[in-house]
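>>> Predicted coordinates and the sequence they were generated for:
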Amino acid sequence: MDRLPRQPSADPETARKISKGTPMTETLTALILTFNEEKHIERCIRSLDGIAERVCVIDSYSTDRTVEIAKSLGAEIVQNAWHGHAAQFQWGLNTLGICSDWTLRIDADEYLDEELRESMSAWLAAPQSTINGVYLRRQIVFLEQPILHGFFYPLNILRLWRSGEGRMEQRRMDEHVILKSPNTTVLKGGDLVDHNLNDLSWWIAKHNTYATLEMISRVEARHIKEASEEVLTGQAARKRWLKEQVYARLPATLRASFYFAYRYVIGRGFLDGKAGFFFHFLQAYWYRTLVEAKYFELQQRAKTAGLTPYAMLQKEGVFPSENEAAVYREGKMEGKNGETAPS
């Protein structure tokens, strides 16, 4: 079994040593979205110690100890009603008054491993002036096993950018950071580790929700004929192109089978062991099949009602009014005026 990445130290003094050895000349603000993330938030914030000058937690009114833990670690907390990942993150960019040189997007169940902490510290000490976006290498851990094959590693994602240069693509699923004028690099050394500590039942429930959102996104995209792949760069652009121009052209009943074979055989996903089989099967075959089944179910409902799939979802109240949709796409939706969490 492959070894798990080194997590950040639980000792604050040890965690700060990195910043003492490499004085940073540019500053960074980290943004974290949370809802009931008490299992993850301490690990995430500690991995930013000595790297981020400001850590902002945008919380969706958690009912567990998330806010308490984040505050105890020195994070700044604001609370805003949930309207989806993209809208919530853009709300943070619009309202938090970010003045640092760089902005980092990191999920609560992610953390910087020790090697990436060193790489980011070195980057902030001597960044390239012409670069406005930095790709980080993400590693997924599933059932306590790093996923290193199946075209899932290395997976470079744009998570670090010059403040003011990026905005969040407003999609229900698979949203990316969009730069005003992309001039990017890949940070060498270390991983952004995606290691969720919840159980498999939680993972299944989450992906059931994702499948519904992806089905809705498909209907929405076909209705408004978005061509959003033109604004993406790097691996994200290639992945979006393959999904929309190759995968979507396959017969619906065969798409998931082809995708699983592509990941597990051609991508050598079988080298990830038993946990890897479950991951690639569930993520590539089960999840993709579930999306197709939900879309077929919608088509059947719409046909019975004599409506298009879009009109059916509109009738069911899934889509907002045109004015609300415009606000959503701009990431300006908010709840309770974006309150600061009570002390």
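Here it is on my side, so go on. Numbers count the residues shown, from 1 in each chain.
>>> Just the buried residues of the biggest strand by length in the chain, please?
Using DSSP state E, we find that the single longest strand of the chain is strand 133-142. Burial within strand 133-142, assessed by neighbour count using 16 or more other C-beta atoms under 10 Å, is assigned to 133-142. Heads up, the C-betas are built off the backbone N, CA and C, glycines and all.
>>> State the pLDDT value of the nearest residue in space to residue 76 that is not next to it in sequence.
Take residue 76 and drop its neighbours on the chain: the residue closest to it by C-beta to C-beta, 6 or more residues apart in numbering is residue 56, 4.9 Å away. With respect to pLDDT, residue 56 has a value of 98.
>>> what about residue 199, neighbour count?
Residue crowding around residue 199 was assessed by other C-beta atoms under 10 Å; the count is 9.
>>> From residue 142, how far off is it?
Distance of residue 199 to residue 142, computed by C-beta to C-beta, to the nearest Å: 12 Å.
>>> Format the buried residues of strand 133-142 as CSV; extra columns: pLDDT and distance to residue 278.
Output for these, formatted as CSV (pLDDT from 0 to 100; distance: C-beta to C-beta, whole Å):
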residue, pLDDT, distance to residue 278
133, 96, 34
134, 96, 32
135, 96, 28
136, 97, 26
137, 97, 23
138, 97, 19
139, 98, 17
140, 98, 13
141, 98, 13
142, 98, 7
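>>> Can you give the distance of the strand or helix carrying residue 167 from its chain's centre?
Assigned by DSSP states H and E, residue 167 falls within strand 166-168. Mean-position distance between strand 166-168 and its chain equals 13 Å (C-alpha atoms, centre = their mean, to the nearest Å).
>>> so where do the helices sit in the stretch 201-343 of the chain?
Assigned by DSSP state H, counting those that start in this stretch, the stretch 201-343 of the chain shows helices spanning 234-241, 255-261, 273-280, 287-305, 309-315, 322-329.
>>> just checking, residue 264 touches residue 272?
No - with contact taken as C-beta atoms under 8 Å, residue 264 and residue 272 are classed as non-touching, separated by 9.1 Å.
>>> Those two - which one has more neighbours?
Each of residue 264 and residue 272 has its neighbours counted (other C-beta under 10 Å); residue 272 has more, 25 against 22.
>>> Check the spacing between the residue nearest the centre of the chain and residue 87 real quick.
Ranked by distance to the mean C-alpha position of the chain (C-alpha atoms, centre = their mean), the top residue is residue 107 at 6.5 Å. Relative to residue 87, residue 107 is positioned 16 Å away (criterion: C-beta to C-beta).
>>> try residue 124
Using C-beta to C-beta, we find residue 124 at a distance of 29 Å from residue 87.
>>> that older thread, mind putting the buried residues of strand 133-142 into TSV with distance to residue 312?
Putting the buried residues of strand 133-142 into TSV (distance: C-beta to C-beta, whole Å) gives the following:
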residue	distance to residue 312
133	39
134	42
135	39
136	40
137	41
138	36
139	40
140	35
141	39
142	35
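>>> any idea which of those is the one closest to residue 179?
Checking these against residue 179 with C-beta to C-beta, the nearest one is residue 133 at 4.9 Å.
>>> Tell me the bridge partners for that closest one.
residue 161, residue 184 (DSSP bridges).
>>> Residue 269 reaches residue 280, doesn't it?
Yes - here residue 269 lies in contact with residue 280, judged by C-beta under 8 Å, at a distance of 4.1 Å.
>>> Spatially nearest residue to residue 248, not counting backbone neighbours?
According to C-beta to C-beta, 6+ apart, the nearest residue to residue 248 is residue 255 (7.9 Å).
>>> now residue 98: how far from residue 59?
According to C-beta to C-beta, residue 98 and residue 59 sit 17 Å apart.
>>> which of those two has more neighbours?
Between residue 98 and residue 59, counted using other C-beta under 10 Å, the more crowded position is residue 59 (25 against 19).
>>> check contacts around that one.
Contacts for residue 59 were tallied using C-beta atoms under 8 Å, 6 or more residues apart in numbering; they are 33-35, 66-67, 70, 77-80, 341.
>>> any idea which of these is least confident?
The member of those with the lowest pLDDT is residue 341, at 53.
>>> hmm, back to that, arrange the helices of the stretch 201-343 of the chain in JSON lines, one row each, with mean neighbour count, distance to residue 164 and mean pLDDT as further columns.
As requested, the helices of the stretch 201-343 of the chain are exported to JSON lines (neighbours: other C-beta atoms under 10 Å; distance: least, C-beta to C-beta, whole Å; pLDDT from 0 to 100):
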{"stretch": "helix 234-241", "mean neighbour count": "16", "distance to residue 164": "21", "mean pLDDT": "62"}
{"stretch": "helix 255-261", "mean neighbour count": "18", "distance to residue 164": "38", "mean pLDDT": "94"}
{"stretch": "helix 273-280", "mean neighbour count": "18", "distance to residue 164": "37", "mean pLDDT": "98"}
{"stretch": "helix 287-305", "mean neighbour count": "16", "distance to residue 164": "35", "mean pLDDT": "96"}
{"stretch": "helix 309-315", "mean neighbour count": "18", "distance to residue 164": "35", "mean pLDDT": "92"}
{"stretch": "helix 322-329", "mean neighbour count": "13", "distance to residue 164": "20", "mean pLDDT": "52"}
